[in-house]
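**Student:** Sequence plus predicted model, see below.
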Amino acid sequence: MDLKKDFDSKELLQLVTFRLGNEEFSLDILRVQEIIRHMELTRVPRTPDFVDGVINLRGRVIPVLDLRKRFGLPSDEKTNETRIIVVDVDNKTVGLKVDAVSEVLRLPADTVEPAPAIVTGAESDYIKGVGKLDGRLLILLDVEKILTRTERDALGLVA
């Protein structure tokens, strides 16, 4: 991926940051519809293990993905800080379960570097880059690539 083409060096990226374990991740704020407290999920049989279930959000049934499971991290108990980030993927609404939402921040695009080659295999296509801010490293995610096309088809998320 050529980050120079993705970001104008003078651009300020507006990001929603969240935690999974001790790591900080971020999503483009324009992809986020809302952030809600964790709610009761209805399990759906025969879905991938990283699909926690579905929720009814104001009359819409939305699948919720557990990003810990999706990224191969150990499961963790939900806490008072557990949130669901509601995002748009291919014009469909999806919830992303995270340990905690940290903040909304602006990050200069020229502080974003490509992810190291060792972590950019096919399985990590969803990593746009790594941003540096005040001694912190933020992993920038591409929400469109968190699910493969096959997974989106299986979940009925293709527009």
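**Tutor:** Yes, it's here.
**Student:** CA atoms for contacts and neighbours, from now on please.
**Tutor:** OK.
**Student:** count of neighbours near E103?
**Tutor:** 11 (other Cα atoms under 10 Å).
**Student:** now it, which residues is it bridged with?
**Tutor:** T17 (DSSP bridges).
**Student:** my guess is it meets E24, correct?
**Tutor:** No: look at E103 against E24 with Cα atoms under 8 Å: they stay out of range, at 10.5 Å.
**Student:** Which residues are in contact with each of the two?
**Tutor:** 17-18 (Cα atoms under 8 Å, 6 or more residues apart in numbering).
**Student:** who does the helix or strand hosting I35 pair up with?
**Tutor:** Applying DSSP states H and E as the criterion places I35 in strand 32-37. Counting by DSSP bridges, the strands paired with strand 32-37 are strand 83-89 (antiparallel).
**Student:** Run through the protein and note the low-pLDDT ranges.
**Tutor:** Along the chain, segments meeting pLDDT under 70 span 1-9, 117-124, 154-159.
**Student:** Tell me which residues of the strand holding I35 come out buried.
**Tutor:** 32, 35 (16 or more other Cα atoms under 10 Å).
**Student:** now it, how far from the centre of its chain.
**Tutor:** 12 Å (Cα atoms, centre = their mean, to the nearest Å).
**Student:** which residues touch it?
**Tutor:** Residues beyond strand 32-37 that count as contacts (Cα under 8 Å, 6+ apart) turn out to be 81-88.
**Student:** Go again with 7 Å.
**Tutor:** 82-88 (Cα atoms under 7 Å, 6 or more residues apart in numbering).
**Student:** Reformat those residues as JSON lines; add distance to L138 and neighbour count.
**Tutor:** As requested, the contacts of strand 32-37 are exported to JSON lines (distance: Cα to Cα, whole Å; neighbours: other Cα atoms under 10 Å):
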{"residue": "T82", "distance to L138": "19", "neighbour count": "19"}
{"residue": "R83", "distance to L138": "18", "neighbour count": "21"}
{"residue": "I84", "distance to L138": "19", "neighbour count": "22"}
{"residue": "I85", "distance to L138": "17", "neighbour count": "26"}
{"residue": "V86", "distance to L138": "20", "neighbour count": "21"}
{"residue": "V87", "distance to L138": "19", "neighbour count": "23"}
{"residue": "D88", "distance to L138": "21", "neighbour count": "16"}
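**Student:** Return the closest of the residues you listed with respect to L13.
**Tutor:** Closest approach to L13 among the contacts of strand 32-37 (Cα to Cα): V87, at 17.0 Å.
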